[in-house]
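>>> sequence below, structure please.
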Amino acid sequence: ISVSIVILQFLLNPGVSDLTGSFRLYRKDVLAKLIHESVSKGYVFQMEMMFRASKAGYKIGEVPITFVDRFFGESKLGSQEIIGYVKGLMYLFFCVN
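Below you'll find the model as predicted:
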């Protein structure tokens, strides 16, 4: 488990194991409501959508997946992405929570 996931779980307690996963399925009416309420951009947007869905009491199911450690290359997250993640996390904690 990454440090960012542990911090996210501690601060937000979102009710799901991973707010950053990309595979999602929403009911059309729920999706429209969440998009209308969400203000974040980039990958923080998907965190906000899932967090708002959880806070609104929508049923959220999860299908576990297994991540394999990287064999080649390095993480593509640069300092700007990390700063954006922290800003997004603080926004969700202070403004949406």
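>>> alpha carbons only for contacts and neighbour counts from here, please
OK.
>>> what distance do you get for the residue in the chain sticking out farthest from the centre to M50?
Largest separation from the mean C-alpha position in the chain: F72, at 25.5 Å (Cα atoms, centre = their mean). As judged by Cα to Cα, to the nearest Å, F72 and M50 stand 30 Å apart.
>>> V96 now?
The gap separating V96 from M50 is 12 Å, by Cα to Cα.
>>> higher neighbour count, those two?
More crowded of V96 and M50, by other Cα atoms under 10 Å: M50, with 22 against 13.
>>> residue contacts, the more buried one?
Taking Cα atoms under 8 Å, 6 or more residues apart in numbering, we find M50 in contact with L19.
>>> distance check, it against E74.
M50 is 27 Å from E74, by Cα to Cα.
>>> do E62 as well
Noted for E62: a distance of 28 Å to E74, by Cα to Cα.
>>> who's more crowded, those two?
The residue with more neighbours, out of E62 and E74, is E62; 10 against 7, by other Cα under 10 Å.
>>> distance-wise, check the more buried one relative to N97.
22 Å.
>>> so what's the residue count around the nearest residue to N97 once chain neighbours are set aside?
In this structure, N97 finds its nearest non-sequential neighbour in L12, 7.2 Å apart by Cα to Cα, 6 or more residues apart in numbering. If you count neighbours by other Cα under 10 Å, L12 ends up with 17.
>>> quick one, what contacts L12?
92-93, 97 are the contacts of L12 under Cα under 8 Å, 6+ apart.
>>> equivalent analysis for L19, please.
L19 touches 46-47, 50-51, counting by Cα under 8 Å, 6+ apart.
>>> by neighbours, which of these wins?
Greatest neighbour count in the contacts of L19, by other Cα under 10 Å, goes to M47: 24 neighbours.
>>> quick one: contacts for it?
19-20.
>>> and it, how far from E74?
M47 sits 23 Å away from E74, going by Cα to Cα.
>>> and F45, by the same measure?
Taking Cα to Cα, one finds F45 at 24 Å from E74.
>>> again, but for L12
Counting by Cα to Cα, the gap from L12 to E74 is 28 Å.
>>> K55 now?
Taking Cα to Cα, one finds K55 at 34 Å from E74.
>>> and for R52?
32 Å.
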